[in-house]
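[1] Provided below are the primary sequence and the corresponding predicted coordinates.
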Amino acid sequence: MTSPHRLDSSVRAGRVDRTRRLRGTVDGVELSGHPGDTLASALLAEGRIVAAPSIHRGRPRGILAADCTEPNALVQLHGACPEPMLTATRVELYDGLVAESLSGVGRVGPEADTAVYDKKYVHADVVVIGAGPAGIAAALSAGRSGARVVLVDEQRELGGALLDGTERIDGHPATEWIGRAVRELVELPEVRVLTRASAVGCYEGNYLLVAEKRTDHLAEAGPQQPRQRLWHLRTQRVVLATGAHERPMVFADNDRPGIMLASAVRSYINRYAVLPGQQAVVFTTSDSAYTTALELLDAGARVPALVDTRPDPPAHLAEQVRAAGGQVYPGSAVVGTGGQERISSVRISELDEQGSLTGTPREVECDLLAVCGGWNPVVHLFSQAGGTVRWDPVVAGFLPEEPTGSLPKVVGAARGTYDLAGCLSQGLAAGAEAATTSGFRVAVPPVPPVAGDRPSTRPRPLWLVPAEEGTSEQWHTHFVDLQRDSTVADIWRALGAGMRSVEHVKRYTTISTGQDQGKTSGVNAVGVIADALMAGSPGEVGTTTHRPPYTPVPFALMAGRDRGGLHDPVRTTPMHSWHVAAGAVFEDVGQWKRARYYPRAGEDMDAAVQRECLAARTGVAMQDVSTLGRIEVVGPDAPEFLNRIYTNGFAKLPVGKARYGMMCTADGMVLDDGVSMRLAEDRYLMSTTTGGAAGVLDWLEEWLQTEWPHLGVHCTSVIEQWAAVAVVGPDSRAVVGRIAPELDVSAEAFGFMEFRDTVLRSGVPARICRVSFSGELAYEVNVPAWYGLAVWEEVAEAGADLGITPYGTETMHVLRAEKGFVIVGQDTDGTVTPLDLGMDWVVSRRKDFVGKRSFARPDTARTDRKQLVGLLPMDPQQQLPEGAHLVDPDGPRQPPVPMLGHVTSSYRSAALGRTFALALVADGRRRVGEVLCAPAGGTDIAVEVTKPIFYDEEGVRRDGRQYE
Amino acid sequence: MTVVSTNESSTEVAGLRRSPLAGRRDELAAAGVEGLRGVRLGEEPFLSQVNLRVLPASPAAAGVEQALGTILPREPNRVTGDEHDAALWLGPDEWLVVAPDGRADGIVEAARTAMADSPGSVVDVSANRTTLRLAGPTSREVLEKVCSLDLHPRAFRSGQCAQTLVGRAQVVLWQVGTEPAYRLMVRGSFADYLADLLLDAMAEFTHR
Amino acid sequence: MLQIRCPWCGDREETEFRYGGQAHVDYPRDPAALDDRAWGEYLFVRDNPKGEFAERWVHTAGCRRWFTTVRDTATNQMRAELPSARKPVM
């Protein structure tokens, strides 16, 4: 395979390794190139400049740029890591690469991306973004101080624009200076260099996100090697040396393949040793493209026309071009292009002082048009971090304002300094300053002498090159945003619709909303708007806001390793392995995996739950309740503290006893509930709901630390110190008696809401409490967590002959709902008071507590608030969906339908032989006996409102069989 | 007052204990690699851990220090002692006393006696957390993938600790050696997650 | 993501903290003495300035201590406010 446009190494060596050849295919056609090539440079080397047709209008498009600004050459990669919407200019060639050109829209493949994407958190003193001359200089001077420095660059090798040119530093080619700098940086122990790494976000507090491609460029990566890594950098100082992007020009038919940024032409010639055309016209508004013309000539191309908008370009530059064989047309512009697909000619017209066309246009043949509409300093990151920009008429670009405070320092081309000496000097100074202000004092090194460039003379930006015919609103081939197919006519239509703000015009025309986020179109659009509105300068129009990410970031990289099992912690109890072995079906409760039910062969959930409920009501059953929150509350003022936190009293609770308590927020709404045991005069063990554990601890600490610091109380979370087994049912006494032989479990000796510390038959120390969340006789056996599994098995064994049945959360829900016990967070939602729940008994009238004052607020004291009630579907086999709304059966059925309330819990009861539910209903207690209607899935379910208790209302069962 | 003992001296009872990662001992051991880019992970089960709350300037604090023979570090995120007997700063009036298996009862009793009626709290939390040990030349690089703390030797050294997030799990992170070596003390329910997270972060070094 | 300075533990990521709303809204000494309007304002009415705002945070994943900072709501710049919400007397 030949690469006809690859320059001979005697003309340009380039940064490619010609000793090795890489092969891939693009659009089914084979492609070859070398290590160091991008997909774009390899395509150009083979004369393939044409990209996929444009997104909306299907116009032929070609490679425009050599960097991340590329709007046209989008590709989809196939293979091991299929990825859409990459730019050919940023994809490095590797053996076996398979790509497909895209017309502006990619497709996410259906297959899972199995590559490894991860993250890394690194702290630094100085982070330098961009490793062109200014960035390398900054990293050198900062790194020499001993400060922790990170240098970030999106290219495969350091050097930035120096790699695209022929400048000399210290009397040698700039690449030698780069090589020395890289060697020094790599040897500095506290300097980290990230290549192929794009700084995509720069946030307040000098927080940066850097997306690093680690193995994308390799045909094959090692196992478990991260393909990409998202670096989270925290640093004291940021130096932005992000360079500048060249702007294209806006003229008729400015979108033909073969039209390329002048800087990209330089890059392809010098960095990749590829000559993108043989007959090149250069169209410029400033000095920089003269170098492009000279290098084209030097590389063997003809330059029949260098068209400069300025009537009097610098004489020495024009002379150099002429001397090398080129023609210069000052005070002129390219006003049109011709060609079948690729460009074959341009039309050149003279300009008058106002920028209008004058004279007779001439046609010049070419196969390449290098354009330079000026330069945009890359202020994206500076702007993201909160920096502001201003229009500078001298450099004709938006420049960063001098930063204040810890905002990033901007150096080099990113602040409009385009000469090499200036870039080096600013970089060295900024790096030293950043290190010094970070606590690593260092002097500014001397600036090495340079040759090959000089400060530019003033450019003449021309935002809109008039067409030879028509008026602006008709210029449908003056493309402003190539990726979005948006034109000058589109902007005029937006302005005609009355829009003036660039933010509005952008959204109306979709300019700069593409994958490239308008890197080549944003400022040109501002210029066209300014031109149309006859504003004095683009500065009067302003810019759009730069938002992260600077370049596209794959979702897979943002997700990192937070996928699958690592997405969120799965919390398990010490008995988890037993539940798994028993075939439990699990339910997520917060991060916990809790056994929901234990189906036997052939059972569905209903059948399993009916069986488990029956066991708990008539025999004995056991549940793993280790997930409840537990907090030790210790100190002489612990009784007073709990009295203030709970709605009911705890100060007089005797040692050795437990009490159910409810806590409210200051607005009187239920926050959490649970049973607290008094371990000693000054020591309580509070339990909380599974989901509320962390929040309640914060809540307690908030009151102790910020409102009542004088109270002598300390709280310690002991949630996982304990594993707990609930042993429930009429036969539970027998089982507990067997495992705790030292304990007198008789009702007389061991009353309800009492606890005992004992040693189990196995020798395990345990704390056993008589609490019941089912209404049945029940015990909770608490043991240090590491004994959890052994004691669970001990209980199971001790109850085997009594048919002890493990049960899960679903059965627990049914049992508690039959008794009307609420679950905070299910039957309450932050708008429910204890009184709404009918739990007046838990609200003390004698003492003050958090939330009490709110019960007297008019809205909280209303008697027609939503209250907890029971519901019995008229059809006892019909189960209400939880969340179903309740309406008046005789009320209107066309929206708006007044809502009376909603179902909070709904189950099928083995004990009742029917379905039932709990609900919050407006004025509910007064409605007991009424029939309401629950529209559900297109049918109405009629329900009778009842008291919220369905089973053993007298509470005779909690002490066990002998009391029946 | 009755206190439930969590550190039964009987070895028979102790044999009933099961640490959160007991079933993964071989898996963790097999995942480690030696060498210049090595890293190893293992569980150190059943360490005695006692949570201590006492005002640092009080006579009670001094009494506890004397009773335990340990200085309670006053500087945040510091550890006194070594990895066998240590006091970790958890808060301005809160410490975690760490000792080998079986010592919790003695520590609790000694500290409570020393504290007498002074405000404060002594709670055995030995079973609350288990301990993962991550060690080896690349262990810091592994942690940097899952923890946002600045773990550079200039910022975090042997003898320092921090309560922080590793992945989405709260841990007490404690650097115990300069190799470097770290202890990650984590609540039992998160142990599997944390082990999975660390094994995953180690993979780039262990699959070579 | 914010980096927040815990007065005890130093700079930590925002994910280690929980927000506690406006600072210096003291729980009334005697709630019963307040009329409904005054109590309602204590419960529900908070400032929402553009600019500096004293607010509370708790270092949930760390030392669990509450503290007060001043944050510029427009720039997210934060500075410590001392004394930090009644630090326990040491």
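    Received it, and whenever you're ready, just let me know what you need.
[2] I'd like the average pLDDT over stretch A:331-345.
    The average of the pLDDT scores along stretch A:331-345 is 97.
[3] what do you get for stretch A:233-243?
    98.
[4] what residue lies at the spatial centre of the chain?
    Because you didn't say which chain, this covers chain A. A:Met558 (5.6 Å; CA atoms, centre = their mean).
[5] wrong one, chain C
    The centre of chain C sits closest to C:Arg56, judged by CA atoms, centre = their mean, with a distance of 1.2 Å.
[6] residue contacts, that residue?
    Taking CB atoms under 8 Å, 6 or more residues apart in numbering or on different chains, we find C:Arg56 in contact with A:706, C:19-23, C:66-68, C:85. Where you see a C-beta, it was placed from the backbone N, CA and C, and this is true even at glycine.
[7] coming back round to it: I figured the residue nearest to the centre of chain A hits A:Leu230, correct?
    Yes. Using CB atoms under 8 Å, A:Met558 is in contact with A:Leu230, at 6.9 Å.
[8] and for the two, which residues touch both?
    Counting by CB under 8 Å, 6+ apart, A:Met558 and A:Leu230 have no contacts in common.
[9] up against chain C, what does chain B have?
    By CB under 8 Å from any CB of the partner chain, the part of chain B that sits against chain C consists of B:55-57, B:76-77, B:90-94, B:148-150, B:162-165, B:170.
[10] who are the contact partners of the residue of chain C found nearest chain A?
    Taking CB to the nearest CB as the measure, the point where chain C comes nearest chain A is C:Pro31, at 3.6 Å. With contacts defined as CB under 8 Å, 6+ apart, C:Pro31 is in contact with A:848, A:852-853, C:39.
[11] report the buried residues of stretch A:748-764.
    Buried residues in stretch A:748-764, defined by neighbour count with 16 or more other CB atoms under 10 Å in any protein chain shown: A:750, A:752-760, A:762, A:764.
[12] sorry, wrong one. I was asking about stretch A:694-713.
    A:694-708, A:711-713.
[13] so which of the residues you listed are in strands?
    Per DSSP state E, strands hold no members of the buried residues of stretch A:694-713.
[14] correct me if wrong, but A:Leu815 is in a helix.
    Yes. Per DSSP: H, G, I helix; E, B strand; the rest coil, A:Leu815 lies within a helix segment.
[15] wait, it sits on A:Ala616?
    Yes. At 5.8 Å, A:Leu815 counts as touching A:Ala616 under the criterion of CB under 8 Å.
[16] give me the common contacts of those two.
    With CB under 8 Å, 6+ apart, A:Leu815 and A:Ala616 have common neighbours A:728, A:774, A:776.
[17] for those residues, which one is nearest A:Leu533?
    A:Ser774 (75.4 Å; CB to CB).
[18] nearest spatial neighbour of that closest one, skipping sequence neighbours?
    Nearest non-adjacent residue to A:Ser774, counting by CB to CB, 6 or more residues apart in numbering or on different chains: A:Leu815, 3.8 Å away.
[19] the residue lying closest to A:Ala42 once chain neighbours are set aside: neighbour count?
    Leaving aside its chain neighbours, A:Ala42 sits nearest to A:Gly33 (3.2 Å; criterion: CB to CB, 6+ apart). Applying other CB atoms under 10 Å in any protein chain shown, we find 30 other residues in the vicinity of A:Gly33.
[20] residue 134: which element?
    Reading this off chain A. In the assignment (DSSP states H and E), A:Ala134 maps to helix A:133-143.
[21] my bad, chain B
    Here B:Leu134 is assigned to strand B:129-135, by DSSP H and E.
[22] wait, a strand at A:Val182?
    No. According to three-state DSSP, A:Val182 belongs to no strand; its state is helix.
[23] need the contact list for the residue nearest to A:Ala42.
    So A:Gly33 contacts A:3, A:16, A:21-22, A:41-42, A:45, A:93 (CB under 8 Å, 6+ apart).
[24] farthest-separated two in those?
    Once CB to CB is applied, those give A:Arg21 and A:Ser41 as the farthest pair, at 14.0 Å.
[25] the two: who's more crowded?
    Neighbour comparison, A:Arg21 and A:Ser41: the larger count goes to A:Ser41, with 30 against 13 (by other CB under 10 Å).
[26] shouldn't the more buried one be in contact with A:Asn270?
    No. Contact criterion CB under 8 Å: A:Ser41 and A:Asn270 do not qualify, at 11.3 Å.
[27] which secondary structure element of chain B has the lowest mean pLDDT?
    Among the helices and strands of chain B, helix B:11-14 carries the lowest confidence by mean pLDDT, DSSP states H and E, at a mean of 84.
[28] which parts of that one are buried?
    B:13-14.
[29] list the contacts of the residue in chain B that chain C sits nearest to.
    Nearest to chain C, among the residues of chain B, is B:Gly91, at 4.0 Å (CB to the nearest CB). Residues in contact with B:Gly91 (CB under 8 Å, 6+ apart) are C:8, C:63-65.
[30] ok, back up a step: number of residues surrounding the residue nearest to A:Ser774?
    Count around A:Leu815 with other CB under 10 Å applied: 31.
[31] tell me the contacts of it?
    Neighbour list for A:Leu815: A:613, A:616-617, A:728, A:773-776 [criterion: CB under 8 Å, 6+ apart].
[32] would you mind measuring from the residue of chain C found nearest chain B to B:Pro76?
    Closest approach of chain C to chain B (CB to the nearest CB) occurs at C:Cys63, with a separation of 4.0 Å. The gap separating C:Cys63 from B:Pro76 is 7 Å, by CB to CB, to the nearest Å.
[33] got any residues that touch both of these two?
    Residues touching both C:Cys63 and B:Pro76 by CB under 8 Å, 6+ apart: B:92, C:8-9.
[34] skipping adjacent residues, who's closest to A:Ala396 in space?
    Nearest non-adjacent residue to A:Ala396, counting by CB to CB, 6+ apart: A:Pro461, 4.4 Å away.
[35] and if you look at B:Ala22?
    B:Pro45 (7.0 Å).
[36] show me the residue at the heart of chain B, geometrically.
    Geometric middle of chain B (CA atoms, centre = their mean) lands on B:Met185, at 4.2 Å.
[37] parallel or antiparallel, list what pairs with the strand or helix carrying that one.
    According to DSSP H and E, B:Met185 maps onto strand B:181-187. Applying DSSP bridges, strand B:181-187 is found paired with strand B:129-135 (antiparallel), strand B:169-177 (antiparallel).
[38] for the helix or strand just after it, which outside residues touch it?
    With elements assigned by DSSP H and E, the helix or strand that comes after strand B:181-187 is helix B:191-206. Residues outside helix B:191-206 that contact it (CB under 8 Å, 6+ apart): A:116, A:118, A:224-226, A:561, A:565-566, A:569-572, B:20-21, B:24, B:28, B:31-33, B:37-39, B:41, B:43, B:130, B:132, B:134, B:138, B:141-143, B:145-146, B:166-169, B:171, B:184, B:186.
[39] rerun that using 7 Å as the cut-off
    A:224-226, A:561, A:565-566, A:569-570, A:572, B:20-21, B:24, B:28, B:31, B:33, B:37, B:39, B:41, B:130, B:132, B:134, B:138, B:142, B:145-146, B:166-167, B:169, B:184, B:186 (CB atoms under 7 Å, 6 or more residues apart in numbering or on different chains).
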